[in-house]
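J.: Next one to model:
(chains A and B)
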Amino acid sequence: MGEAAANESGTIRPMPADRVSYTLDSTLETVNSAEETASRMAAEAGFGDEEIMKISMAVREAAVNAVLHGNAYDPAKKVILAFERTGRDLVITVRDQGRGLDMSKVPDPLAPENLMKTSGRGIFLIRSFMDVVEIHPTQTGTELKMIKHVHG
Amino acid sequence: MTMKSSTRQVDGVTIVDLSGRITLGEGSVILRDTVRDLLSKGNKKIVLNLGEVNYIDSSGIGELVSAFTTTKNQGGELKLLHLTKKVHDLLQITKLYTVFDVKDDEAAAVKAFAG
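T.: Residues are numbered from 1 along each chain as shown, chains lettered A, B, ... in the order given. Sure, this is the predicted structure:
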């Protein structure tokens, strides 16, 4: 997992070894494996069962969004899933290669007019489960960044 | 982690026993097909027994909502039975818990249908 990089003077610096990134196809299988990997990473980071469940569910929802909405199951498009452990946090990013999420189109699933809709709860659930959620849409894809603080 | 679905009749009410995960692409489809099949055969009193469903994602929640609405639109009723803590909590935070008629006793669920 550790890599090295050279700066301009040619000195080799060790890169942080606690970041891992997966490039995945836009399939349902990716959604399942993203969830499983998140569960494993969360366990390794020392989270308890309940938090592992929340983290893996949030990653599942993010992966569904990336595969289904961002990439529309396009086999030419990838999902990049990355986990980074900092001292205090588990930082997870899910990036798709779609056209960029239009944030104004993300509904509030608790609004009365949306309550009985059959979709639109993914981002809401991610925000319920994770401590910090940032969404960065660009024209070449959307990155969803989720952070869970490690306690104790 | 396949989802399994089986149905049985109790006093004119269909109980659908589900086990596994109700998630995108797998359990969600089985749930949808099961309910539609029941409705098409005139079974309009439906109880979804979720006692062995330990995992549901937002697609699965959407499918529960769809099952509820479809049944209602066809003049029927759909109730939920034996929610696990995980499913209960998810329906609470999505404010759907009070939309569904949730029972924790099968006999009470069967009796609770109008007409």
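J.: CA only for contacts and neighbour counts going forward, please
T.: Will do.
J.: for chain A, what are the nearby residues on chain B?
T.: B:25, B:57-59, B:61-63, B:65-66, B:94-96 (C-alpha under 8 Å from any C-alpha of the partner chain).
J.: Using JSON lines, please lay out those residues together with secondary structure.
T.: Listed next are the residues of chain B next to chain A as JSON lines, based on DSSP: H, G, I helix; E, B strand; the rest coil:
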{"residue": "B:25", "secondary structure": "coil"}
{"residue": "B:57", "secondary structure": "coil"}
{"residue": "B:58", "secondary structure": "helix"}
{"residue": "B:59", "secondary structure": "helix"}
{"residue": "B:61", "secondary structure": "helix"}
{"residue": "B:62", "secondary structure": "helix"}
{"residue": "B:63", "secondary structure": "helix"}
{"residue": "B:65", "secondary structure": "helix"}
{"residue": "B:66", "secondary structure": "helix"}
{"residue": "B:94", "secondary structure": "coil"}
{"residue": "B:95", "secondary structure": "coil"}
{"residue": "B:96", "secondary structure": "coil"}
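J.: how about CSV for the residues you listed, with pLDDT and neighbour count added?
T.: Compiled in CSV, the residues of chain B next to chain A are given as follows (pLDDT from 0 to 100; neighbours: other C-alpha atoms under 10 Å in any protein chain shown):
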residue, pLDDT, neighbour count
B:25, 85, 12
B:57, 96, 24
B:58, 97, 26
B:59, 95, 23
B:61, 97, 24
B:62, 97, 21
B:63, 96, 25
B:65, 97, 20
B:66, 97, 19
B:94, 97, 17
B:95, 96, 17
B:96, 97, 18
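J.: so which pair among these is furthest apart in space?
T.: B:25 and B:95 (23.8 Å; C-alpha to C-alpha).
J.: The strand or helix carrying residue A:136: which residues count as buried?
T.: For residue A:136, the host element (DSSP states H and E) is strand A:132-138. Residues of strand A:132-138 classed as buried: A:133, A:135, A:137 (neighbour count, 16 or more other C-alpha atoms under 10 Å in any protein chain shown).
J.: Could you find the closest non-adjacent residue to the last one?
T.: In this case it means residue A:137. residue A:100 (4.5 Å; C-alpha to C-alpha, 6 or more residues apart in numbering or on different chains).
J.: Mind checking what secondary structure that neighbour has?
T.: coil.
J.: For chain B, see how far away it is.
T.: Here residue A:100 is placed at a distance of 21 Å from chain B (C-alpha to the nearest C-alpha, to the nearest Å).
J.: all helices for chain A, in order.
T.: Assigned by DSSP state H, chain A shows helices spanning A:28-44, A:49-64, A:122-129.
J.: How about chain B?
T.: Counting by DSSP H, chain B has helices at residues B:27-40, B:58-73, B:85-93, B:106-111.
J.: All good on my end, thank you.
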